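**Student:** Give the three-dimensional model of this entry:
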Amino acid sequence: MTAPDYGFRLHGKRTDVLPDRSFDLSVPAHSGTFTRRHAPAMRRLEACLQCGACTATCDLARDDMLFPRRQLALVRLGLEDRAAEGPEIWKCYACADCTAKCPSNAKPDVIMRRLRQLAIERFAYPQPLARAVAEPVAFVVVCAIVALVLAGLVALGGSFSPAPGPIDYAGMLPNPVLIPIFSALSVLPLVAIGVGAARAWRSWYGSPLWSVRPAVLWASVKKALPEIVTQRQLAGCQDHRMRSWANRAIVGAVAGLLVPSAVMTALVMVGQQYPLSMGNPLKILANVFAALLIGGTSYFLWLRMAEASRGERVGFFDWAFLSSVFLAGVTGAATEAMRAADIRPAAYPTYFVHLVIVLVLILTLPYTKLAHAVYRVLALAGEEYAAAERAATVPPGTSALGGAGPQDREAPGDGPPARGEGLAGPSPEELLTMSHAELALYPDTVLEDAYYKLRDQNEPRHGGRYYPNMKRLAASALEREKDRREIDALVQAAGRSEWEEWYQEAAEQPCTWWLENHIVARHALTTCLNCGMCTSVCPAAEHFEEYDPRVIVDTALSGDEERIIDLLKSNIIWYCAQCGSCNSRCPHNNDIMNLVGSLRTLAQLKGYHTQSVRGRQQYAGRQLWAANLWNRAVSLYFRNPDPVAHPDFGPRYAGWWADVEEEFARVGGTPDMDGAFAGRKVTPETLAELRSCIRAGGALVLWQKIEEHAAADAARLGLDIDDYLNKVSTEG
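**Tutor:** Numbering: from 1, shown residues only. This next block holds a predicted model:
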């Protein structure tokens, strides 16, 4: 179809306009069940600014697990299933520090709570019972069925009106009936939670649970169990410190009650007189654990009531479990008290209610928060298991390239094969003058030792240390070849970040897959109206006639693979200066600027950028900005923009460059000295930290792809890589 375009350049000319498919690529609708149950929490999540305060606060966050910001972002994008199917949510120990520090009160801990519930339902067996636990009507039906079954057992094997005399609960439901029934039914949750654990393991690690090495897994479980039992991490939280003590009370009570119960059951089966006296050590121990159970659940119920009093909706899932555990403890204690006080009319009904609650808890064990213990142990053990497996497969004495220098580099991994074994070692100065073709003859260790030796040479100046070789090393063939090998080794090494894995997969997928799955691309277009406001305010569109942001949006929304590829092969996406004018004027707050950035990344991953002049220039940019970040911790090193190579900078810059040393001295600039601001020789620790951030974000895969596509394009043009760099730096 065609329609008038009223952008300031086209003046109402007819132009092709594709049907608006913005909703196809926008944040997808959540599943009906998830939305219904968690609508209040989801509405609160809309306040999330993605500022990262939660991740900065969380003790679990690290380079390869940006928790919980990543989970919040996935939920906002409608990918709650993906967030719920990962092990990260089970490593959270619910300290609520993230919520306490959240500037927009988005309640990250509540979202984690909802995700864990969703995960339980996903892994549960059978799933209908898991869903029933979270639905009020279905839960009541389950309780009613259990009550009817128990009532039938009482009618068949006991009596609702036991004979007169001392209160004897076995008179209502004899132990020979009660014990086998409860024991048999207790096996079912163990089977169900075993199936759930196997499903979770496959989802998290992509392999069957039964394929693991039992000895290694058991050793990993033993390392994880102390954290679950002691609640060490939770004890260190800054807010709601009582959570750790309440958790410990509940975990200890549940574990503690199992022991006396098992012993008492065994004693009854061998003919021991029952009930035990109140002074019996087993009875005293059981009552202590019951008191802990009541106290721990009372605290959490108080927290939920406090949330409800503030107008926050507490899910039925939380209420049902906590209330059931609390009532199990209370009714158990009440039956003891009533027997001691001989309150016969209320004792037997209370005991019947206690049995119903306990049996409901047993049957729903794999679907309630008690399942957290199993999944949390499995998640923590899985991390230990993966580390043990990696350690077992790394050959002794090997390491991965990529540290900040000889004194602090990471261990080399499976990097490029050694080159030029037996060659006489050239001096660092000689290597610095060589081309890529000449450097290719020497092994990694020779290049990196020479590079870092030159980098770290210094001389006193102005009360500090001056590094004269930093200017000479920047963008040199030695630096470029050293960087390429370091990055190749890291990309090939084990333990790649999630984004690195994702970029590798994206490079093989269709372009439409990228637009449907890349977080930035998905979030960029929500309600585009094809109004043309972006084009009308775009400074680049004013200077480049073929540039039209609206055409880029249309192409992204078209779902047409060939049209998207044509766009990625053109100069068009490279005209954008990323000023954000389009975003600020878009009436529906679409993120067009970052859509362009996302498409640029896609073009470089797939190599389509080499089909255009501006696209090919990204190889030069890779050697400029990326190399500066990797080696000097700054995106633009002051020594790089030589006016001879950049005439577009103008005569004023050329004049400044001619007197650059005097200018630096005048303004106090220290581009080649130690320093925190203008200084570019940062500490090894700072550079290593920056490199870990770069790697976690997947940038190394992108840089590697740019290098690979540049080498292929240079071969196509009959150029070596040095000549290719000169070509792309000067053409156009």
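**Student:** Which residue ranges of the stretch 251-400 of the chain form helices?
**Tutor:** For the stretch 251-400 of the chain, the helices defined by DSSP state H, counting those that start in this stretch occupy 281-309, 316-341, 344-363, 371-393.
**Student:** Next, format these as CSV and append mean pLDDT, distance to Leu567 and mean neighbour count.
**Tutor:** Placement of C-beta: from N, CA and C, glycine included. Supplementary listing: the helices of the stretch 251-400 of the chain in CSV, determined by pLDDT from 0 to 100; distance: least, Cβ to Cβ, whole Å; neighbours: other Cβ atoms under 10 Å:
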stretch, mean pLDDT, distance to Leu567, mean neighbour count
helix 281-309, 80, 49, 17
helix 316-341, 82, 47, 19
helix 344-363, 86, 57, 19
helix 371-393, 78, 40, 18
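**Student:** Ser161 is nearest to which of the ones you listed?
**Tutor:** Minimum separation from Ser161 across the helices of the stretch 251-400 of the chain (Cβ to Cβ) falls at helix 344-363, 7.9 Å.
**Student:** Could you list every helix and strand that the closest one packs against?
**Tutor:** Packed against helix 344-363 by the contact rule (3 or more Cβ pairs under 8 Å, 6 or more residues apart in numbering; DSSP states H and E) you find helix 136-157, helix 169-172, helix 175-205, helix 316-341.
**Student:** Could you list every helix and strand in contact with the last one?
**Tutor:** Identification of packing neighbours for helix 316-341 by 3+ Cβ pairs under 8 Å, 6+ apart yields helix 127-134, helix 136-157, helix 281-309, helix 344-363.
**Student:** just the angle between that helix and helix 127-134, please?
**Tutor:** Per axes from the mean of the first three to the mean of the last three Cα atoms, to 10 degrees, the angle that helix 316-341 makes with helix 127-134 is 70 degrees.
**Student:** Over to the third one?
**Tutor:** Interaxial angle of helix 175-205 relative to helix 127-134 (the same axes, to 10 degrees): 100 degrees.
**Student:** re earlier: show me the one of the helices of the stretch 251-400 of the chain that comes nearest Val141.
**Tutor:** Per Cβ to Cβ, nearest to Val141 of these: helix 344-363, 11.3 Å.
**Student:** Next, the angle from the closest one to helix 127-134.
**Tutor:** Helix 344-363 runs at 130 degrees relative to helix 127-134, counting by the same axes, to 10 degrees.
**Student:** For stretch 536-547, give the mean pLDDT please.
**Tutor:** Computed over stretch 536-547, the mean pLDDT rounds to 82.
**Student:** Where does the spatially most distant residue from the centre of the chain sit: helix, strand or coil?
**Tutor:** Residue farthest from the centre of the chain, counting by Cα atoms, centre = their mean, is Pro164 at 63.5 Å. Using DSSP: H, G, I helix; E, B strand; the rest coil, the structure places Pro164 in coil.
**Student:** I'd like the distance between it and Arg344.
**Tutor:** Note on Pro164: its distance to Arg344, by Cβ to Cβ, to the nearest Å, is 9 Å.
**Student:** My read is that Pro162 contacts Met172, right?
**Tutor:** Yes - if you go by Cβ atoms under 8 Å, Pro162 and Met172 touch, sitting 5.5 Å apart.
**Student:** between those two, who's got more neighbours?
**Tutor:** Using other Cβ atoms under 10 Å as the criterion, Pro162 and Met172 rank with Met172 on top: 22 against 17.
**Student:** Surely the more buried one touches Ala347?
**Tutor:** No - applying Cβ under 8 Å as the test, Met172 and Ala347 come out as separate, 9.3 Å apart.
**Student:** do you know which of the helices and strands packed on helix 344-363 lies nearest Ala124?
**Tutor:** Nearest to Ala124 among the helices and strands packed on helix 344-363 is helix 175-205 (5.5 Å), distances taken as Cβ to Cβ.
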